[in-house]
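> 3D, please:
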Amino acid sequence: MINEKLAKRIFDEALAASSADETLVMVTGGKSALTRFCNNYIHQNVMQKDYTVTVVTAFGKQVGVASSNLFDRGELERIVDVASTVAKRQKEDPMWEPLSEQLDYRPPENTYDEATIEKDHGEKAEMVRQMISPCKSAQCKTAGALTNGDNLVAVATSHGLFAYHCWTSADLTLTVETEDGASGWSEACANRLSDIDIKLLTARALEKAQLARNPITLEPGKYNVILEPPATATLLRYMSVVGFGGLAFNEGRSFLSGKMGEKVMGDNITIRDDFNAGARKGFPFDFEGFPRKAVTIIDKGVAKGVVHSRRTAAKAQTENTGHALPYPSIYGPIPLNVHLEGGNVSREDQLKSLDNGLLLTRTWYESIVDPKLPSITGMSRDGTYLVENGEIKAAIKNIRFNEDMRDLFCRTESLSKEVETTKGWGAIVTAPAILVKDFNITGQTK
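Numbering: from 1, shown residues only. Now for the predicted structure:
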């Protein structure tokens, strides 16, 4: 790991080489060890360590960027020169705002776990064996990946700012397939590998695969559906990208534009962004070194806010919430740690309350249909089931859906107490299972 002392040396040398009006230097990267398995055997063990240094220089509002994965003085001087040359040949960026001076931030506690980063391939092979063994005994095949690693984000500016944070991460994805092609799935992420419950996740994926045998055909229409946490999380990720960021909000492209203080979802929906919550903690500042703030986006159905960077905050004449992505970001600031608060019913009771409907494990092949609504289309996979009188009665062939996501959260009748944390697109989402009325199913697989 590039420690604080080495990061400061890199920053000092890069900043000393710059003659720009303003300079930002960022170091990102880390180590990642992957154990991948398929057909009930491990077929790949790989470890990668990689770091990148990025320099942003500004002459007035002319801005340039350059990066490298080498850290010697000569290379740092070279990329500073490249960034400066690019900046001097650029048109002015009308949204450029002055870089930050030193600001206080509070890192989350206990997010770097030595046992996670030191776990070797032999120990991970034993964990994989614990997943494969019961599935193999059930005449099923497994496929998936178990990953452990660490991560670093460090930022410095020519105004004296220095921010540094490192953390460990662990991820598991598991697919189980029966001999007749039915599949089940489970996934988990955490800061510590020991927090991933291998036995629970294996049992879940195996049960889903066995229940998914002999699927029946479902006619298109509107159905009451329980979306399990991974499916709920996918909807939230799409909403985050198109609706919860300051750039889309400022430009009138967000479904929240012009609706602050108005009721936009059901009373039971509260959504926030908070790096210090969930099973996988985030980092406490953005890619410009500004402290991240917890932001309530939806409060009991009412639109309360969006996340901002220094650029979008200046345009909106509001406070910077510390959500800038690396410059230049075409998406503007977006939430990276989204949380949908859970409800007051257990997942078991939620299923029992469904007289007639569907249980949907997760979705894939999603696309945004209309970002302003926002609406999304996608398909189910790895476990879609018919529910009658609170019990799973049959597997359903995978379905296609088309939904207005804002309206879906107006039709959410219950949220489970239990929440799960999953990752995707670089964002961490914590979500419950939700029971949705009149979920719009438009087709099915053949």
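> Contact partners for residue 347?
Applying Cβ atoms under 8 Å, 6 or more residues apart in numbering to residue 347 gives the contacts 416-418, 433. C-beta: built from backbone N, CA, C; applies to glycine.
> most neighbours, which of the residues you listed?
Highest neighbour count within the contacts of residue 347, by other Cβ atoms under 10 Å: residue 433, with 27 neighbours.
> Relative to residue 26, how far out is the spatially closest residue to that residue that is not a sequence neighbour?
Spatially, and ignoring its direct neighbours in sequence, residue 433 is nearest to residue 416 (4.2 Å; Cβ to Cβ, 6 or more residues apart in numbering). Applying Cβ to Cβ, to the nearest Å, the value for residue 416 to residue 26 is 39 Å.
> and what of residue 438?
Distance from residue 438 to residue 26, by Cβ to Cβ: 46 Å.
> if you count what's nearby, which of the two comes out ahead?
Each of residue 438 and residue 26 has its neighbours counted (other Cβ under 10 Å); residue 26 has more, 23 against 13.
> my guess is that one meets residue 287, correct?
Yes. If you go by Cβ atoms under 8 Å, residue 26 and residue 287 touch, sitting 6.2 Å apart.
> where do the contact lists of those two overlap?
153, 155, 326.
> Show me which of the residues you listed is closest to residue 341.
Nearest to residue 341 among those is residue 153, at 26.9 Å by Cβ to Cβ.
> isn't there a strand covering the closest one?
Yes. According to DSSP: H, G, I helix; E, B strand; the rest coil, residue 153 belongs to a strand.
> For it, which residues are in contact?
For residue 153, the contact set (Cβ under 8 Å, 6+ apart) comprises 26-28, 163-166, 283, 285, 287.
> ok, the spatially closest residue to residue 347 that is not a sequence neighbour - contacts?
Closest residue to residue 347 apart from its sequence neighbours, by Cβ to Cβ, 6+ apart: residue 416 at 4.5 Å. Counting by Cβ under 8 Å, 6+ apart, residue 416 makes contact with 229, 342-343, 345-347, 350, 432-434.
> Helices of the stretch 251-400 of the chain, residue ranges please.
Here the stretch 251-400 of the chain has its helices, by DSSP state H, counting those that start in this stretch, at 310-316, 347-352.
> Dump the ones you listed to CSV, plus distance to residue 19 and mean pLDDT.
Listed next are the helices of the stretch 251-400 of the chain as CSV, based on distance: least, Cβ to Cβ, whole Å; pLDDT from 0 to 100:
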stretch, distance to residue 19, mean pLDDT
helix 310-316, 23, 96
helix 347-352, 60, 97
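> Does residue 226 touch residue 354 like I think?
Yes. Contact criterion Cβ under 8 Å: residue 226 and residue 354 qualify, at 6.2 Å.
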